[in-house]
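*Asks:* I would like to see how this sequence folds:
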Amino acid sequence: MLSAAHDILKQQRAPGNQSHVDPDPTAAPHNSSSRFDCNSVSTAAVLLADILPTLFIKLIAPFGLHLLPYSPRVLVCGVCAAGSFILVAFAQSVRTSLIGVVLASISSGLGEITFLAVTSFYPRGVISWWSSGTGGAGLLGALSYLGLTQAGLSPQHTLLSMLGVPVVLLASYFLLLTSPAPPGPTGEEEADAAARQPLMNPEAPESKPASDSSLSLQEKWTVFKSLLPHIVPLVLVYFAEYFINQGLFELIFFRNTFLSHAEQYRWYQMLYQAGVFASRSSLHCFHIRHTWILAVLQCLNLGFLMADMWFAFLPNIYIVFLIIVYEGLLGGAAYVNTFHNIALETSDKHREFAMTVACISDTLGISLSGALALPLHDFLCQLT
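*Replies:* Here you go, the predicted structure:
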């Protein structure tokens, strides 16, 4: 949805005009007197529609989401994902498209918090595989949208072609993920297998390493305070990178290249996701203990690209491409190392609650970036 954000806001979806990938690549900017090539609405609007429902879900999750079994949650994720593709594909207005993006947000937010909690039933090493999978999802989404539209497929047909993804999601959870046999006296792996035994049985009560409901409010507050050194840097990293992605990408436009504005935006998104995927899959290669360093570097990255947006001193788009890959590397490394550090430092009793609370960090940072990117867009697009 974020890869399609520029198309969602720019493309005119008149009944006879849904087959065009880029209706008018050389069209005049919305505000022809502005120094920037602006849409009437910032792509941050799509970002907010994509993140605020996720933020709401993550805020209420520590207070009662654990009472809902995992299987119904995964089913809701699949249904909302399919609904989002269909609604955005057939939408005739930006408002309807944004409602579709909200459905995608519900699927994404509920899915992230559900599967991160499920990792607490498994050995700690599964965090690296979870992180690699989320990085791969971002890359696959951005690359498929870029590739299919570059090949001539319309945004509408590209979105509809993605309907197989929710089916694979549901099949992988209900059919591929196994319920191991009860534990014997043979060691830790069988004990871990026993802990995940109830996950696939929607009728049985879910036994957990330590249910959120068994923790007192005082314990939850203590755990939350202990997580702040991990949460704050991740909030800053995601604030900086999504301020770049949805606040600056659409304004960093090179006219001396063969790529149209919409195509440049899609390339930015794909290269960002490539960097994220590489770094989220790197945990077995290197481990970063002090994630605040990544936050500082990402904020410097934001400052540099803001300066280029204003002064336009970079000579060509390829330098921006390299910076965007670097941006993705920082963001992915911050994500995987934060959750890996939490998994190492929290006890079995607190781990599921800690994962649930910590996953609000990226969402909070993204929400703040979207809220600030909207007025920035309006201000910059009024400049002559």
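
*Asks:* going forward, measure contacts between C-alpha atoms and count neighbours the same way
*Replies:* Will do.

*Asks:* in which helix or strand would I find Leu139?
*Replies:* Here Leu139 sits within helix 126-150, counting by DSSP states H and E.

*Asks:* packing partners for that helix?
*Replies:* Packing partners of helix 126-150 (3 or more C-alpha pairs under 8 Å, 6 or more residues apart in numbering; DSSP states H and E): helix 155-160, helix 261-280, helix 317-345.

*Asks:* for the first one, the distance to its chain's centre please.
*Replies:* Put plainly, it is helix 155-160. Put simply, helix 155-160 sits 20 Å off its chain's centre (C-alpha atoms, centre = their mean, to the nearest Å).

*Asks:* what's the burial count for Asn341?
*Replies:* Here the count is done by other C-alpha atoms under 10 Å, and Asn341 has 16 residues near it.

*Asks:* wait, what's in contact with it?
*Replies:* Arg289 (C-alpha atoms under 8 Å, 6 or more residues apart in numbering).

*Asks:* switch the cut-off to 10 Å
*Replies:* His230, His287, Ile288, Arg289, His290, Thr291 (C-alpha atoms under 10 Å, 6 or more residues apart in numbering).

*Asks:* any of those residues buried? List them.
*Replies:* His230, Ile288, Thr291 (16 or more other C-alpha atoms under 10 Å).

*Asks:* quick one: least confident of the residues you listed?
*Replies:* Lowest pLDDT of the buried ones among the contacts of Asn341: Ile288, 89.

*Asks:* backbone dihedrals for it, please?
*Replies:* Dihedral pair for Ile288: phi -110, psi 120, per degrees, to the nearest 10.

*Asks:* give me the nearest residue to it, chain neighbours excluded.
*Replies:* Asn337 (6.0 Å; C-alpha to C-alpha, 6 or more residues apart in numbering).

*Asks:* hang on, the earlier thing: quick one: which of the helices and strands packed on helix 126-150 is nearest Leu2?
*Replies:* Nearest to Leu2 among the helices and strands packed on helix 126-150 is helix 261-280; the distance by C-alpha to C-alpha comes to 7.7 Å.

*Asks:* angle of the helix or strand hosting Ala117 against helix 126-150?
*Replies:* According to DSSP H and E, Ala117 maps onto helix 94-118. Using axes from the mean of the first three to the mean of the last three C-alpha atoms, to 10 degrees, the inter-axis angle of helix 94-118 relative to helix 126-150 is 160 degrees.

*Asks:* show me the contacts for the nearest residue to Phe277 once chain neighbours are set aside.
*Replies:* Distance criterion C-alpha to C-alpha, 6+ apart; nearest residue to Phe277, sequence neighbours excluded, is Gly135 at 3.9 Å. By C-alpha under 10 Å, 6+ apart, Gly135 lies in contact with 129, 273-281, 328, 332, 335-336.

*Asks:* right, and the helix or strand after the helix or strand bottoming out on mean pLDDT in the chain?
*Replies:* When each helix and strand of the chain is scored by mean pLDDT, DSSP states H and E, helix 188-196 comes last, with a mean of 43. Sequence-wise, the next helix or strand downstream of helix 188-196 (DSSP H and E) is helix 217-243.

*Asks:* pull out the buried positions in that following helix.
*Replies:* Those would be 220, 223-224, 227, 230-243, for helix 217-243 by 16+ other C-alpha under 10 Å.
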